[in-house]
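*Asks:* build me a model from this:
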Amino acid sequence: MSANPLPKPEADPAATAAGEEPLYFPGEHPLLFGWLHRAIDAGSDRGVVLCKPFGYESICGHRILTAFAKMTASAGLPTLRFDYRGSGDSAELDERVDQIEAWCEDILTAVDELRRRTGVQRVCLLGFRLGALLATLAARRCSAVDSLLLIAPVVSGRRYVGEMRTVVASSQLYLSPAIGASADAATDQGSMEVAGHRLSARTISALSRVNLADEAVPQVSRLLILDRNDVPAARTWLKSLSERGPAVEYAALPGFGQMLMVAPHLSRVPHEMFAAAQDWLRRFPAQQRSGSPTEKSGYTEVSPANPQTSSPSLAAGVPGANPPWRERAVRFGTDRMLFGIVTEPGSGEARRAVVLLNAGADVHVAFGRLYVTLARRWAALGFVVLRMDLAGLGDSGTRPGRADNDVFPAAALDDVRMALDFLCERYGLRDVTVGGLCAAAYHALRAAAAGIAVNGILLVNPQNFYWQQGTQITEPQPADVLRDWDAHRERWSSAAAWKKFLSGKVSLARVKQVLQVVSHRMRIAAEPPLREVARYLRLPVPQDLGRELQEIAKRGVQIVFVFGRDEPGIELLRLHAGSVVRRLGNRCRVHIIDTADHNFTYSGPRSLLEDVLTGALLTPR
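*Replies:* This next block holds a predicted model:
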């Protein structure tokens, strides 16, 4: 991929004033996207570059890694967190290359960028998991890196590859044969897809040869390892470091699992690791800066006094030709609280727009960068696409008195309205389609049902159509009941299960759980006939999805559902909407992709989804 210099994206004076600035770099041909967290006390000559973990761990821990970046900035160290090529909001990367080498180069580019923008002379690399391994390798190639802070580091590349293979194998245990076939097809000539992210054959080969215990020790003055206490993989590396290397501090602490190993809405700050890192950073000897930021052509620093300039936007194309798309980071809404990435056509005037909302608590790139791929494809076709974070999610701010990582925030519809207002004011666009995966589908449907002026809704694998505020996301939901019902029905149809039950070998808690599933299922099954009668008699009933879909379609809104074959949302749609979907015909289309799991984890079904959604957008209304 190459990139061309483009018009500057709008600046974010509010974010800059608060010390956080989204940016693209390097120079006039940017390939990387990141956030610069400026230090509250800018007296130190040291800064921090945050090196993210690989793949879905990065999405799971996004808010936690951001908290670490804010902490290092508050400790007086300007901090740059960024996305490697082929990840997050950065440019694409040829999947056949050695990603380990490419990502080490990206770290060195980030080090240069931090030094150029802030004037710091020395840099500490803060790495998580695979990012810690990359940070260690990169530090050996950069004299400006004088310290390392490594959290749950991957020490043995071979062992890490083995872990990834285990993740892939375990994720396939409960897949249907059709989905399992798509998972098998995702492995091609030695490459591997892990939770929607690919490791190339060259990467796996290179990674399998890396063992930090056998590598030359980086020439850094200080090194802190905060190992996970459940599987302290770095303990064996510690001995060789102590014998050959710098001043090393080590601690095996709890909290790793809740930081990177759970879904984003369940992630928690590992307080002991956080406090240990903070204490270590504050014990750095103070040293004043010896210079000012170095200026290079192609950059203009953002400041509140000069809000019309910023770093270049990200573009794709062939040098000398009009690129098919370009991207810019934007803040909008009340107090510019909401954040998003806008992908625009590289040339020509757009007439339609798409808004993609958070899939659960995933950041605005979505699982496997699904939204990034869609946005860039659609922008090349002439659409303006806004990938946004709802308030409290991703890189958006949090409303006062509200919690972070709320998948179903009470004010989500206000955020959708502000997104539509932004697209109208900034681009003059009123023809807008809203949608996305899972919770995004829920919010898009609720927006259309509330009469918000959308022209289409793309609903991918919704798992509920109604949400009661105050409900905990960990509580059983209708989709869970339907999914569990099939499992319980199969299990309790066996003689062995009844024998175990009658012999008293089933706990009361388990019996209670089964009874709850049965009672929920009976209630869900009883509602559709009553709704059909009420619709026939034109009687209003609460939570009548069929009537809502009729009203939405009557306003000319295009409705598109896409499901994986085994999704409980298919049955939920039938139960809630009854015969309405069939009667609406082309105004409400339902597509089922046999090989897809809930997140469209594998590239084959993900490509089919992209084709279906693209076809829906291009279909004349």
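
*Asks:* any idea of the pLDDT on Glu10?
*Replies:* pLDDT, Glu10: 42.

*Asks:* whoops, I mixed them up, Val120
*Replies:* For Val120, the model assigns a pLDDT of 95.

*Asks:* centroid-nearest residue for the chain?
*Replies:* For the chain, the residue nearest the mean C-alpha position is Val363 (3.4 Å; Cα atoms, centre = their mean).

*Asks:* how about that one, secondary structure?
*Replies:* Following DSSP: H, G, I helix; E, B strand; the rest coil, we place Val363 in the coil state.

*Asks:* quick check: it touching Ile59?
*Replies:* Yes - Val363 lies in contact with Ile59 (Cβ atoms under 8 Å); the separation is 5.7 Å. Yep, even glycine has a C-beta here, placed from its N, CA and C like the rest.

*Asks:* now for those two: what residues contact both?
*Replies:* Common neighbours of Val363 and Ile59, using Cβ atoms under 8 Å, 6 or more residues apart in numbering, are Pro264.

*Asks:* so what's the residue nearest to the centre of the chain up against?
*Replies:* 59, 62, 88, 264, 389, 393-395.

*Asks:* which of the residues you listed sits closest to Arg369?
*Replies:* Using Cβ to Cβ, Gly88 comes nearest to Arg369 of the contacts of Val363, at 7.5 Å.

*Asks:* for Ala73, see how far away that closest one is.
*Replies:* 20 Å (Cβ to Cβ, to the nearest Å).

*Asks:* what's around Leu93, how many residues?
*Replies:* 19 (other Cβ atoms under 10 Å).

*Asks:* repeat that for Pro26.
*Replies:* Neighbours around Pro26, by other Cβ under 10 Å: 19.

*Asks:* and Ile225, that's in a strand?
*Replies:* Yes - counting by three-state DSSP, Ile225 is part of a strand.

*Asks:* pretty sure it sits against Thr236.
*Replies:* No - the pair Ile225 / Thr236 is not scored as a contact, 11.5 Å apart, by Cβ under 8 Å.

*Asks:* ok, these two, which is more surrounded?
*Replies:* Neighbours per residue, other Cβ under 10 Å: of Ile225 and Thr236, the larger number sits with Ile225, 23 against 13.

*Asks:* give the contact list for that one.
*Replies:* Ile225 touches 150, 153, 234, 237-238, 248-251, counting by Cβ under 8 Å, 6+ apart.

*Asks:* any idea how far it is from Ala135?
*Replies:* 12 Å.

*Asks:* now the common contact residues for these two.
*Replies:* Joint contacts of Ile225 and Ala135 (Cβ under 8 Å, 6+ apart) are Leu150.

*Asks:* residues making contact with stretch 217-224?
*Replies:* Outside of stretch 217-224, the residues within contact range by Cβ under 8 Å, 6+ apart are 136, 139-140, 143, 145-150, 240-241, 244-250, 276-277, 280, 284.

*Asks:* kindly recompute the last result at 7 Å.
*Replies:* When contacts are defined by Cβ atoms under 7 Å, 6 or more residues apart in numbering, stretch 217-224 is touched by residues 136, 139-140, 145-149, 241, 244-249, 280.

*Asks:* residue ranges with poor pLDDT in the chain?
*Replies:* The chain contains residues with pLDDT under 70 at 1-18, 42, 174-189, 244-245, 286-312, 316-322, 475-532, 534-536.

*Asks:* tell me how it divides into domains.
*Replies:* Listed domain ranges for the chain are 13-156+211-282, 324-466+543-618, 478-522 (source: automatic domain parsing).

*Asks:* JSON lines for those domains, including distance to Leu537?
*Replies:* Below are the domains of the chain laid out as JSON lines (distance: least, Cβ to Cβ, whole Å):
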{"stretch": "domain 13-156+211-282", "distance to Leu537": "40"}
{"stretch": "domain 324-466+543-618", "distance to Leu537": "12"}
{"stretch": "domain 478-522", "distance to Leu537": "24"}
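
*Asks:* out of those, which comes closest to Ala169?
*Replies:* Ala169 lies closest, by Cβ to Cβ, to one member of the domains of the chain: domain 324-466+543-618, at 13.4 Å.

*Asks:* may I have the distance across the closest one, first residue to last?
*Replies:* 17 Å (Cα to Cα, to the nearest Å).

*Asks:* likewise stretch 257-266?
*Replies:* The straight-line separation of the ends of stretch 257-266 (Cα to Cα) is 10 Å.

*Asks:* buried residues, that stretch. List them.
*Replies:* In terms of neighbour count (16 or more other Cβ atoms under 10 Å), stretch 257-266 has its buried residues at 258-261, 264-265.

*Asks:* please apply the same query to stretch 550-557.
*Replies:* By neighbour count on 16+ other Cβ under 10 Å, the buried set for stretch 550-557 is 550, 552-553, 557.

*Asks:* strands of the stretch 251-400 of the chain, start to end?
*Replies:* For the stretch 251-400 of the chain, the strands defined by DSSP state E, counting those that start in this stretch occupy 314-316, 325-332, 338-345, 352-356, 383-389.
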